[in-house]
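**Q** I'll drop the sequence and a predicted model, then ask my questions.
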Amino acid sequence: MLAHADARVAALEAQLQALQQAANSADEAVNARGALLIDRLQDIPNRVREVATHGVRQGAATALSIAQVRFGHELRYLQPGFPGEDDPADYDELINDFEGAAEAVGNIVDEDGAVNNVFFGR
């Protein structure tokens with residue numbers, strides 16, 4: 001009976017260690033902040049939002065750069081947004097039409113560099 005209990009404790013300790021390693025890997029991957037593991041785990045969604053937002057900005061900047069170089073129009077001073085009082089949802093079909101181009105831009109952007117820019121300002 002005691003041997004069974006010891007085996008169960010050992011199995012639970014192994015599971016705990018595996019969970020801690022997985023949690024540490026996850027929080028390190030997104031450079032989560034916090035003194036305790038629980039704090040870092042709770043910070044992961046915030047850091048993921050930061051990375052996603054940065055990725056959107058990086059993709060837009062890359063797409064505008066490509067368009068400026070290809071067409072020779074100065075786009076640095078382009079006012080962001082759709083013209084007038086238009087609802088951005090009115091452009092969903094147009095945005096979907098650019099999915100292939102967006103994928104190509106995504107392939108150009110260095111993912112590690114973009115993530116490092118978020119976390120380390122590089």
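**A** Here it is on my side, so go on.
**Q** Would you mind giving the secondary structure of the closest residue to Pro88 other than its chain neighbours?
**A** Distances taken as CB to CB, 6 or more residues apart in numbering place Phe82 nearest to Pro88, at 5.9 Å, with adjacent residues excluded. Any C-beta I mention is one placed from the backbone N, CA and C, and that applies to glycine too. Judged by DSSP: H, G, I helix; E, B strand; the rest coil, the three-state class of Phe82 is coil.
**Q** Neighbours of Phe82, how many?
**A** 12 (other CB atoms under 10 Å).
**Q** One more: the one 3 residues further on?
**A** Counted with other CB under 10 Å, the burial measure for Glu85 works out to 5 neighbours.
**Q** Need the per-residue pLDDT for the residue nearest to Pro88.
**A** Looking at Phe82, its pLDDT stands at 77.
**Q** what helix or strand does Leu75 sit in?
**A** Leu75 belongs to no helix or strand when assigned by DSSP states H and E.
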